[in-house]
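**Student:** the following block contains a protein sequence and its predicted model.
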Amino acid sequence: MTNTNDLGFTILSLVVFLPAVGAIILAFMRGQRGAARIFALGWSTLVFAVSLPILFNFKHDAAGLQFYEYFSWIPDWGVRYELGLDGISLWLVLLTTFITPLAIWSAWNVEDKTNNFLMLILLQETGMLGVFLAQDLFLFYIFWEFTLIPMYFLIGIWGGKRRIYATVKFFLYTFAASVFMLIGIIALGLLNYKYLAQQGLPTDTAFQVQTLMANINQFGLSDTELKLLFLSFFVAFAVKVPLWPVHTWLPDAHVEAPTAGSVILAAVLLKMGGYGMIRFCVQLFPQVAQEWARPIALLAVIGIIYGAVLSYAQSDIKKLVAYSSVSHMGFIVLGIFALNEVGLQGAVLQMINHGLSTGALFLLIGMVYERTHTRELADYGGLWKVVPVFVYFLLFATMASVGLPGLNGFVGEFLIMLGAFDSPIGWTFTAFAAVGVILAAVYLLKMFQGIASGPFSERRTPHLSDLTRREVAILLPLCILMLVIGLYSPYFTRPMETTIKALEAFVANAAPLIAGQ
Amino acid sequence: MAELIWLVPLLPLLGVVINTLLGLNDLRRSRANAHHDHGHDHGHGHADAHHGHGDNPTSKRSGLIASLMVGLGFVLTLVTLVELLGMPAPTTLGENNRWFDVTYWNWMAFGDLKIPFGFLIDQLSVTMMLLVTGVGTLIHLYAIGYMSHDERPTRFFVYLNLFIVAMLMLVMGNNFVMLFLGWEGVGLCSFLLIGFWFEQRDPPWASVKAFVTNRVGDFGLLMAMFAIYALARKPDGTFLHSLIFREVLDQGTVFSLQQYSTFFMGTQYTAAGAIAFMLLLGVTGKSAQIPLFVWLPDAMAGPTPVSALIHAATMVTAGVYLMIRTHPIFELAPSVQSTVTFIGVATALVAASIALGQYDIKKVLAFSTVSQLGFMVAAVGMGAYVAAMFHLLTHGIFKALLFLGSGSVIHGFGNEQDMRKMGGLRKKMPTTFWTYIVGTMGLIGFPLISGFWSKDEIIGHAFDHDHRTVGILLIVGAVLTSFYMGRQISMVFFGEQRDQHIHAHESSRWMTAPLIGLALLTLASGLINVPGWHPLTTWLEPIVEEEAAKFHLNIAAIVTILGLLAFAAGFYLYNWAAKHKRIKPNQRDLLHHWGGDFYAILEEKWGFDALYNAVLVKPYKALASFFGKFFDVKIIDGIVNGTAELVGLSGRGLRTFQSGYVRSYALMFVIGVVIVLGFFALR
């Protein structure tokens, strides 16, 4: 394998496959539930530790991919094993390695088939990391589809009452959408292969993203063909995000998933959609992205408002938070298609923010559900009196999600709307997005006060005890990060700056579509 | 001080941290005790401090820490003031040397975007800081007494200190986003403090109402910030891309906002006009103006020190501060300035009239506050910035005094707030009574006392600058103010106590001492900008570039005489009513007997709440329910499930989880590949 980093070893491959190795080891620990838990937690923490050198050795001023490592995998088809990372994927990789140990730790009370549960989470981590790091379309697609499988079982086996319906829907919905992307990937690969062969160049890089970016304008594709190819990718990502109106798999999946599954789903899995939009829709088809920025922004804004209204309509706390994801992810798509530096920075940052704050909300709901076994908002009330520590953590995560300045959510939403206002998307859509900020306060405070305030009922919410040390230790790192991003964002935006500036210039300089060709 | 100015907000933040740790320690101890007692005394779970009706010692401990932090902040602000005074005074109009701008780090920064975390300390911010920390300290001390019987005083002081931090961010911030940090931060603290007594029915929802209504205003502030960032240009024509006050409000830059214009709902706005309008929306939220004032009366559900500190003296004046800070933008948009004046006057009158129809001692003061804020907003609209600031300061002091006085009454009157049950309390609560009289004199503009000067400056400005109608309407507002205060003084302090079940007593020294302090400040506060000397005008002149207001003896005389007559009318009318047993608990007011339906409208607060309920809240709930129960489930998801069924991923596939999907997977995979290969092979 060819390795281009200064570390002397292929760190990205190590980070990607280390969790899978952990899963294999777990397979040999059957019957030792306690040891398996500690091992999984320790191993995933180790993965996080191993991923940190990526951050510390990341060169801020270098545009393009870093830590590039590759070998020729299926040369006849033009497929290579290629990993690499730039400013856009950097934080998503770290988010994944950071969230996974916390999710594992939160699943301390899973008693049923514990080893399998932990194995699946580790396999899930490998899949997600592969998605964020793969630089070959074929490899990307394999990781992309692979992420479905562990989550499918996590929901289907450890989920709630309607888990089968939810998990099959999750699988089929996202899979069906991904098939369109597969078509697009094969088409692009074939075209590139043909082009490279014509030019007398080596054809083993036909599926490589970088080569495709450079060559795609030479394929002689018409506008319609470009748009169709764009769509084939966009549909897959839109479902994953999820963008209105292809969001209905999400509430079902979230509600039925076990806590750790919900956390991973919300914190990382949805981000694959946003990441894909930047990496493929925008980078491969900048002209189409420009031309369709406003229609897509419209869908995003509808999603922001619609998700907020739907969230308010829910009586199930978990569903309420699930719909809030539809609203918050709408902001991310809006920021991406602002196609300027401010909007893109905001969008990537907001992916991290949403991962932290919504992850924390799902953790908190899971913790209280473990005690009371009810998710009906109407059953709750007066928890401030009984479990104040829980309530203050809930307040913190709620406020981060509401977008209170000083916490992370504000920085992301502010930058996104600033970027959208200052782009061809314009002030009208931005104004509607800002209405979503008002509505966020409506549904989130309804939830918060419904849980924290009012009379407490021992009968409806029995056996309440405040957070344990373990639970506090899970939540604290999330809350600290929310505060740090909220007050000192340059540390997080600086590594992305060069990449995103280059992307902005790349989009701005892209040849416009020629109408009627 | 320039190097140490960060200490002013950091001290109360330290108070937050210390009291949080103390509170956690209390919690841990009480849990250990509960665990220990478990065998003996089940159900007595939480520690005694949580339930007792006696004094809660944690109030004094946490309160003193919190007060000390704010008090030290006040001292440091005084030092800063002296330092600014020591800088050279301006010699020409528009020149300003008395400021410093410190940036600690970049809050958001990349490309050409730069949003610093930093403070701008100048005449305006120091003046606001003095009010916040000064009045804040007295209210903190008062709260030690007020919260002494409460279950959770430590928590209360954490919130109160956090509020001071946020309020300081608001007035000290050197850019719009810093201001917004404070702006929403005080909103959060207001939310927490209104809902402080969370077990009760109303406070939690009053707190949500306050936060959400303010968010509507914040929408305006956000849009204004985006527009400024996207549109402002430097004199050389390049984009400014900044939200720093000193850069945006620079004369050469701010004019660029006139270059753009947009049509909206048939009217043409310049960018400056649209921005000013959006800022105004923010102001109507935070400063409780029409149409967004509805949250403030409900906010009275919080403990009374909160009403005094947040909902009278400091937070609600943030809108006035914002408009004075950004006045160069408003001055580019005369039509918006007229709207500002109109909203101010309308609010002053509507709120004053509603105050006539309230029976709750705090609600009267709440509407009085809304009304007085209307005076300030009207003043800003007319360009009388110094007068607005003057009234902001005097009002901050005397209204804090009145609220704390009402708190003392409530505290000493068995937590009862209905004035119809009170009466004759002047004998049982002499200190409260006399200080309340001083506060009232300040509010109604008793000759030579605070409000007399500041209110006259606003009304005088109206007549001087051709806003005759505004002046007359504000006089009407002042007359109404005097009347409802006469009514309140009579109902609370004179006649006989009407509900004899309540044992009334004077409050403790912790509470009366701040009352006396604020009363003395009220008596002296007119000096801040007394005609002839007008130190406030001289002080703020470099920022607002405004001449000293002239004193109008004839206007002052008319306003004062009318005011005193109205006060006497209200006072004697209700004295008479009390004497003839025309005031009874749960019985409608005397004025209802004469005014009928019109009085009912006042009682119902002109129907704003009912209107918003009918056109906003209910439709939103209906819409949410329609989308949630029908549209999302049946239409959007219905299409999805229908499609799935259509392409053969039948209901069977969705329900039985072993079979179905694998086959479909393979099928779709093959179809897809065939299509693609075919397409690209044939082209």
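**Tutor:** Okay, I see it.
**Student:** ok and the residue in the stretch 251-400 of chain A nearest chain B?
**Tutor:** A:A313 (2.7 Å; CB to the nearest CB). In this view, the C-beta of every residue, glycine as well, is placed from N, C-alpha and C.
**Student:** what number of residues lie near that residue?
**Tutor:** The criterion is other CB atoms under 10 Å in any protein chain shown. On that basis, A:A313 has 22 neighbouring residues.
**Student:** again with A:E225
**Tutor:** Count around A:E225 with other CB under 10 Å applied: 17.
**Student:** for the residue in the stretch 351-500 of chain B that chain A sits nearest to, helix, strand, or coil?
**Tutor:** Among all residues of the stretch 351-500 of chain B, B:N415 sits closest to chain A, at 19.0 Å; criterion: CB to the nearest CB. Secondary structure state of B:N415, per DSSP: H, G, I helix; E, B strand; the rest coil, is coil.
**Student:** quick check: which ranges of chain A have low pLDDT?
**Tutor:** For chain A, the stretches with pLDDT under 70 are A:513-517.
**Student:** now do the lengthiest helix in it: distance to the chain's middle.
**Tutor:** In chain A, taking DSSP state H as the definition, the longest helix is helix A:163-199. From the chain centre to the centre of helix A:163-199 is a distance of 19 Å (CA atoms, centre = their mean, to the nearest Å).
**Student:** any part of it near chain B?
**Tutor:** Yes. For a cut-off given as CB under 8 Å from any CB of the partner chain, helix A:163-199 has contacts with chain B, namely A:164-165, A:167-169, A:171-173, A:175-176, A:179-180, A:182-183, A:186-187, A:190-191.
**Student:** tell me the helices and strands packed up against the very next helix or strand once past that helix.
**Tutor:** As assigned by DSSP states H and E, the chain's next helix or strand after helix A:163-199 is helix A:209-215. In terms of contacts (3 or more CB pairs under 8 Å, 6 or more residues apart in numbering or on different chains; DSSP states H and E), helix A:209-215 is packed against helix A:137-146, helix A:163-199, helix A:283-284.
**Student:** got JSON lines for those helices, with mean neighbour count and distance to A:R494 too?
**Tutor:** Shown next, in JSON lines, are the helices and strands packed on helix A:209-215 (neighbours: other CB atoms under 10 Å in any protein chain shown; distance: least, CB to CB, whole Å):
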{"stretch": "helix A:137-146", "mean neighbour count": "21", "distance to A:R494": "27"}
{"stretch": "helix A:163-199", "mean neighbour count": "21", "distance to A:R494": "32"}
{"stretch": "helix A:283-284", "mean neighbour count": "20", "distance to A:R494": "21"}
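**Student:** among these, which is nearest A:L464?
**Tutor:** Closest to A:L464 of the helices and strands packed on helix A:209-215 is helix A:163-199 (CB to CB; 25.8 Å).
**Student:** quick one, that closest one and helix A:137-146 angle?
**Tutor:** Computed by axes from the mean of the first three to the mean of the last three CA atoms, to 10 degrees, the angle separating helix A:163-199 from helix A:137-146 equals 180 degrees.
**Student:** contact partners of stretch B:492-511?
**Tutor:** B:141-142, B:144-146, B:148, B:361, B:404, B:407-409, B:411-414, B:416, B:419-426, B:428-433, B:436, B:512, B:571, B:574-575, B:578-579, B:583-585 (CB atoms under 8 Å, 6 or more residues apart in numbering or on different chains).
**Student:** can you pull the buried residues of it?
**Tutor:** Using 16 or more other CB atoms under 10 Å in any protein chain shown as the test for burial, stretch B:492-511 gives B:492-495, B:497-499, B:504, B:506-508, B:510-511.
**Student:** and the longest helix of chain A, what does it pack onto?
**Tutor:** Against helix A:163-199 (3+ CB pairs under 8 Å, 6+ apart) you get helix A:137-146, helix A:148-158, helix A:209-215, helix A:223-240, helix A:249-256, helix B:651-655, helix B:661-682.
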